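Engineer: what's the 3D shape of this:
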Amino acid sequence: MAPYESDDSATAADAEELRSARRRKAARYVVPATVVGVAAATIGLVPALADSGDPDLPKISAQELIEKIAASDVQQLSGTVKITTDLGLPDLGGLENSLGSAAGPSGSGDGASADPSSKLTELASGTHTLRVAADGENKQKVSLLEDAAEYSLIHNGKDVWGYDSKSNSVFHTTASESDGKQKEELPATPKDLAEDALKAADKTTSVTVEGTAQVAGRDAYRLVIKPKDEGTTVGQITVAVDAKTGLPLKFTLTPASGGAAVVDAGFTQVSFAKPAASTFDFTPPKGAKVEEEDASKAPEHSEGSRDFGKDFDKGPSADFGKGGPEGLNVIGDGWDSIATFDTGGQGVPSGSEVGGDVGGFLDSLGDKVSGKFGQGTVFKTRLINALITDDGKVYVGAVTKDALVKAADAGK
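Structural biologist: Numbering: from 1, shown residues only. Now for the predicted structure:
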């Protein structure tokens with residue numbers, strides 16, 4: 001991989017070191033496949049560093065800080081993570097609950113499933129608080145705290161449990177032997193995400209150390225990753241790296257358009273003491289509805305979570321969208337790469353054609369555009385944008401609307 005720009009000439013060799021180190025230690029706290037769907041989507045998506053003073057730390061180069069992250073060997077921790085997501089989506093007025101229920105794994109639409117996939121939509125906007133704990137590769141717990149309720153994902157040995165206290169429902173599956181390999185592929189903590197972001201850095205990226213911060217009462221260095229591509233919607237990624245352990249404490253992504261961060265996940269409290277063994281114990285409460293998943297016959301939504309982020313470490317464009325629609329191709333490289341495929345159908349109907357809340361939602365997201373390719377609709381957020389042409393072709397990426405139109409025109 002081409003070297004990325006740095007204030008101290010850090011090279012691609014550092015990325016390779018990260019790749020090797022992650023293979024050696026990735027299983028430290030990675031939640032098994034069924035848990036990763038939520039853990040990665042939450043801890044991986046998150047507003048800017050909330051510094052409580054800039055500590056005076058010894059000077060460190062970008063190369064040295066990258067090596068410090070790679071060498072981090074924290075196996076046990078517990079703490080609280082605050083997550084804020086601001087994709088710029090409109091107020092759905094309860095529509096997200098309907099969509100979430102309809103997409104439930106059982107198809108029952110009652111919204112009572114404790115399966116991790118049924119909780120993902122709740123993390124797409126707003127601020128959430130998580131309690132996390134880890135004790136090596138076989139014990140992890142993530143709890144989403146809600147108003148007068150709590151949703152927990154627990155991995156203890158071969159058992160994986162999901163529990164929703166609000167509906168008193170339980171999801172259970174087992175971690176198969178094949179999950180071990182997946183653990184090395186799936187980003188599930190700020191550490192994993194920071195390493196992946198660095199491994200994705202190439203000649204289109206600048207990586208520097210820009211000052212210090214204090215996160216969760218701990219001194220940290222600020223590692224800043226900035227795309228140089230003008231067409232991307234990503235402004236920069238800031239990682240607060242614990243000065244003592246090398247563990248990333250906070251991961252922040254700000255958009256090129258400015259304003260509040262799109263996603264920001266960070267510890268507000270953290271301890272590196274060994275959690276009590278009882279932290280990972282779970283017995284279904286009396287009267288709880290238990291949904292058992294056969295690991296050998298896992299449904300499609302679980303397979304999707306197993307493949308999440310599988311090839312991220314190969315760079316922003318390498319195998320982008322692998323496992324997606326048949327015929328998917330990638331245009332360009334680096335941060336402004338665009339995935340494209342043909343649905344084989346027609347474009348998106350207008351809001352007036354759909355009608356109701358869903359129609360209003362479509363209109364609030366979409367901009368009608370035209371070009372050499374014909375006409376289509378761009379669905380936009382502050383980070384990911386997608387163009388769907390009237391003849392059913394899709395162009396999607398962390399790029400601007402103009403970049404999508406240009407790509408569609410070039411495809412004619």
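Engineer: okay, CA-based contacts and neighbour counts for the rest of this
Structural biologist: Noted.
Engineer: distance of the residue lying closest to A256 once chain neighbours are set aside from D229?
Structural biologist: Spatial nearest neighbour of A256, excluding adjacent residues (C-alpha to C-alpha, 6 or more residues apart in numbering): G235 at 3.7 Å. According to C-alpha to C-alpha, to the nearest Å, G235 and D229 sit 10 Å apart.
Engineer: Low-confidence stretches in the stretch 201-350 of the chain?
Structural biologist: 201, 294-326, 347-350 (pLDDT under 70).
Engineer: Now do the strands in it.
Structural biologist: With DSSP state E, counting those that start in this stretch, the ranges of strands along the stretch 201-350 of the chain come out as 205-215, 218-227, 234-242, 248-255, 263-271, 289-292, 329-331, 338-342.
Engineer: right, so of these, which gets closest to L145?
Structural biologist: Across the strands of the stretch 201-350 of the chain, the minimum distance to L145, taken as C-alpha to C-alpha, is reached by strand 263-271, at 14.2 Å.
Engineer: what sits against Y221?
Structural biologist: V209, E210, G211, T212, A213, A240, V241, D242, A243 (C-alpha atoms under 8 Å, 6 or more residues apart in numbering).
Engineer: looking at the sheet around the nearest residue to A243 once chain neighbours are set aside, what are its partners?
Structural biologist: Ranked by C-alpha to C-alpha, 6+ apart and with sequence neighbours excluded, the top spatial neighbour of A243 is A220, at 4.8 Å. A220 has these beta-bridge partners by DSSP bridges: A213, D242.
Engineer: just checking, A220 touches Q214?
Structural biologist: Yes. Look at A220 against Q214 with C-alpha atoms under 8 Å: they come within range, at 5.6 Å.
Engineer: ok, the two, which is more surrounded?
Structural biologist: Legend: neighbour count by other C-alpha atoms under 10 Å for A220 and Q214, higher for A220 (29 against 22).
Engineer: Report the contact partners of that one.
Structural biologist: P55, T212, A213, Q214, A240, V241, D242, A243 are the contacts of A220 under C-alpha under 8 Å, 6+ apart.
Engineer: out of those, who's nearest F272?
Structural biologist: For the contacts of A220, the residue nearest F272 by C-alpha to C-alpha is D242; the value is 11.8 Å.
Engineer: For the closest one, list the residues it contacts.
Structural biologist: R218, D219, A220, Y221, P248, L249.
Engineer: these two touch, right, A261 and T254?
Structural biologist: Yes. The criterion here is C-alpha under 8 Å, and A261 meets it with T254 at 4.1 Å.
Engineer: T80: what's it in contact with?
Structural biologist: Residues in contact with T80 (C-alpha under 8 Å, 6+ apart) are T129, L130, R131, V132, F267, T268, Q269, V270.
Engineer: and the nearest residue to T174 once chain neighbours are set aside, bridged to which residues?
Structural biologist: Nearest non-adjacent residue to T174, counting by C-alpha to C-alpha, 6+ apart: D159, 4.7 Å away. Beta-bridge pairing of D159 under DSSP bridges involves N156, T174.
Engineer: From F280, how far off is D159?
Structural biologist: Between D159 and F280 the computed distance is 10 Å (C-alpha to C-alpha).
Engineer: These two - which one has more neighbours?
Structural biologist: A side-by-side neighbour count of D159 and F280, using other C-alpha under 10 Å, places F280 first with 21 against 16.
Engineer: and A213, how many residues sit next to it?
Structural biologist: Residues near A213, counting by other C-alpha under 10 Å: 24.
Engineer: I'd guessed it sits against L223; true?
Structural biologist: No. Using C-alpha under 8 Å, A213 is not in contact with L223, being 10.4 Å away.
Engineer: so where's the stretch 1-150 of the chain uncertain?
Structural biologist: Scanning the stretch 1-150 of the chain for pLDDT under 70 picks out 1-53, 90-112, 120-121.
Engineer: try 90 this time
Structural biologist: Across the stretch 1-150 of the chain, the stretches falling below the confidence threshold (pLDDT under 90) are 1-54, 63, 66-67, 69-73, 83, 85, 87-126, 137, 146-148.
Engineer: Near the nearest residue to T205 once chain neighbours are set aside, how many other residues are there?
Structural biologist: Leaving aside its sequence neighbours, T205 sits nearest to P227 (C-alpha to C-alpha, 6+ apart; 4.5 Å). Using other C-alpha under 10 Å, P227 has 24 other residues around it.
Engineer: Quick one: residues contacting P227.
Structural biologist: T204, T205, S206, V234, G235, Q236, W335.
Engineer: one more time with 7 Å, if that's ok
Structural biologist: P227 is in contact with T204, T205, S206, G235, Q236, W335, counting by C-alpha atoms under 7 Å, 6 or more residues apart in numbering.
Engineer: quick one, phi/psi of the first one?
Structural biologist: According to degrees, to the nearest 10, the main-chain angles of T204 amount to phi -90, psi 10.
Engineer: Burial check on the closest residue in space to it that isn't next to it in sequence, number of neighbours?
Structural biologist: With sequence-adjacent residues excluded and distances taken as C-alpha to C-alpha, 6+ apart, T204 is closest to K228, at 5.2 Å. Neighbourhood size, K228 [other C-alpha under 10 Å]: 18.
Engineer: Pull the contacting residues for K228.
Structural biologist: T204, T205, S206.
Engineer: out of these, who's nearest K372?
Structural biologist: T204 (28.5 Å).
Engineer: show me where this structure has helices.
Structural biologist: Using DSSP state H, the helices of the chain run over residues 12-25, 33-43, 62-71, 95-102, 179-183, 190-199, 300-307, 351-354, 356-365, 401-410.
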